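Trainee: here is my input; please provide its structure:
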Amino acid sequence: MPFVMSKYSDYLGLGIAGNFALHLAQAGELEEFKDVITAEEAAPKGMFPFYLPNNPQTTAKDTLKTFPLSHDTIKLPNATVNVQAEPEVALVCTLAYKDGKIIKITPTHFGAYNDCSIRVAGASKISDKKNWGAYSKGISNTLFEIDKFEDGGVMDSFSICSFLKRDGEIEAYGENVELNGYSYFYEKLTEWMTNQINTQENFGPLEPLSSYIKDCDYPSKALISIGATRYTAYGENTFLSVDDELFIVVYNSQKATLEDVHTALKTSNYDDETMSVLAQKVI
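Mentor: Numbers count the residues shown, from 1 in each chain. Below is the predicted model of the structure:
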C-alpha cells in the first residue's frame, strides 16, 4: 500500500536502540549504554526521537523539528563524519492517550526503513546522530497493512535484507534475517514501548520522551523504527559515500526468495505485492 511521503509530516518520529542482538557492538555504541539498566539482558536499551512534529517549543535540539524522511535520497552532513545506513523495519502506529500518558500503541502498517546514523564517539544523546536535516532518513513508499501485530499475523512471513551499490557492484550490507528475529516483537514490543515512552527520563544517551510528546500536543500517529538489524562484515566496515546507492528490502519470504530480491535490484523492477523496497541515492 503506497503512502505519500508528506503524509508523515505530522507524525511523531521515534526509534529503538538495541533491539537486535549484536548490532550495538557492531555500531560501536555499547559504551554509551553501559549505565542503562534493562529489565532483562535481551531488552532494548531505550528509545530516541528523530522527528518532533508541530514545531514544538521544547528543550530538544532544533534539528529534531526538521522533517528528515525521503523515499529516494540520503544527503550526507556537511561535516566530515562517517555515516552508516541502518536497515530497519518501521511501524506506522496510532497512539491513544489518557491523562497525558500513552495507554495504547497500535501498529497499522510496516515497511523498509533506513535509520541512517552519524558514527561519532561521545555524542551526548542518541538523537544527536539521527537527524542532521532534510533527507537524513528514509522510508519506502510501499508499506504493508498489518492484520494483527501478534504471532500468526502477516509479519510472520517477512524478512529484511539490505545492499549497497558502489562502482557498479552490489554488496550485501545487512544480514538477511526474519522479522521475528527482533529481540522484542509483537505484544512484548508494544507493551515495552508504551512503558518506555511514559517512563524514560533524561539519563545518559536517553531523553524524556513524555515531555517531548506533551510539547508536540500529543500526536495521534507515530512512525517508529524498531531497531537496526546486524551488518554483514562489509556493511560493518563500509560508510556511505556520494553516489552510493542503498537498498533496504522487507519481503515476504514465503512468496519471494533472496534470489528474487537480487533480480529485482538489478532490474529495478519491484513487486509491490511481496516487497517493500527503499532505494536511496547518496548525495
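
Trainee: and stretch 204-215, how far out from the chain's middle?
Mentor: Relative to the centre of its chain, stretch 204-215 is centred 18 Å away, using Cα atoms, centre = their mean, to the nearest Å.

Trainee: one more: stretch 179-190?
Mentor: Centroid displacement of stretch 179-190 relative to its chain, using Cα atoms, centre = their mean, is 14 Å.

Trainee: ditto for stretch 44-64
Mentor: On Cα atoms, centre = their mean, the centre of stretch 44-64 falls 15 Å from that of its chain.

Trainee: what residues sit buried inside it?
Mentor: 44-53, 56, 58, 60, 63-64 (16 or more other Cβ atoms under 10 Å). C-beta here means a position set from N, CA and C on the backbone, and glycine is covered the same way.

Trainee: could you do stretch 110-123 as well?
Mentor: By neighbour count with 16+ other Cβ under 10 Å, stretch 110-123 contains the buried residues 110-118, 123.

Trainee: now the end-to-end length of it.
Mentor: End-to-end distance for stretch 110-123, by Cα to Cα, to the nearest Å: 30 Å.

Trainee: what's the lowest-pLDDT member of the buried residues of stretch 44-64?
Mentor: Of all these, residue 60 has the smallest pLDDT value, namely 84.

Trainee: and it, which of the three is it?
Mentor: Following DSSP: H, G, I helix; E, B strand; the rest coil, residue 60 is assigned to coil.

Trainee: ok, it - contacts?
Mentor: Neighbouring residues of residue 60 by Cβ atoms under 8 Å, 6 or more residues apart in numbering: 49, 52, 127, 207, 212, 215.

Trainee: and the fifth one, that one's in a strand?
Mentor: Looking back up the chat, that one is residue 212. No: secondary structure of residue 212 (three-state DSSP): helix, not part of a strand.

Trainee: contacting residues for it?
Mentor: Shown in contact with residue 212 (Cβ under 8 Å, 6+ apart): 49, 52, 56, 58, 60.

Trainee: just those now: which is nearest residue 181?
Mentor: Nearest to residue 181, judged by Cβ to Cβ, of the contacts of residue 212 is residue 49 at 25.3 Å.

Trainee: re the thing from before, can you redo the contacts of residue 212 as TSV with distance to residue 190?
Mentor: Converted to TSV, these look like this (distance: Cβ to Cβ, whole Å):
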residue	distance to residue 190
49	18
52	21
56	24
58	25
60	24
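
Trainee: beta partners of the residue nearest the centre of the chain?
Mentor: Closest residue to the average C-alpha location of the chain: residue 225 at 3.2 Å, with Cα atoms, centre = their mean. Counting by DSSP bridges, residue 225 forms beta bridges with residue 15, residue 90.

Trainee: what residues are up against it?
Mentor: 14-16, 50, 88-91, 113, 115 are the contacts of residue 225 under Cβ under 8 Å, 6+ apart.

Trainee: could you identify the most distant pair in those?
Mentor: Spatially, the most separated pair among the contacts of residue 225 is 50 and 89, at 14.8 Å (Cβ to Cβ).

Trainee: give me the below-cutoff pLDDT ranges for this protein.
Mentor: Within the chain, the segments meeting pLDDT under 70 span 1-5, 21-39, 41, 122.
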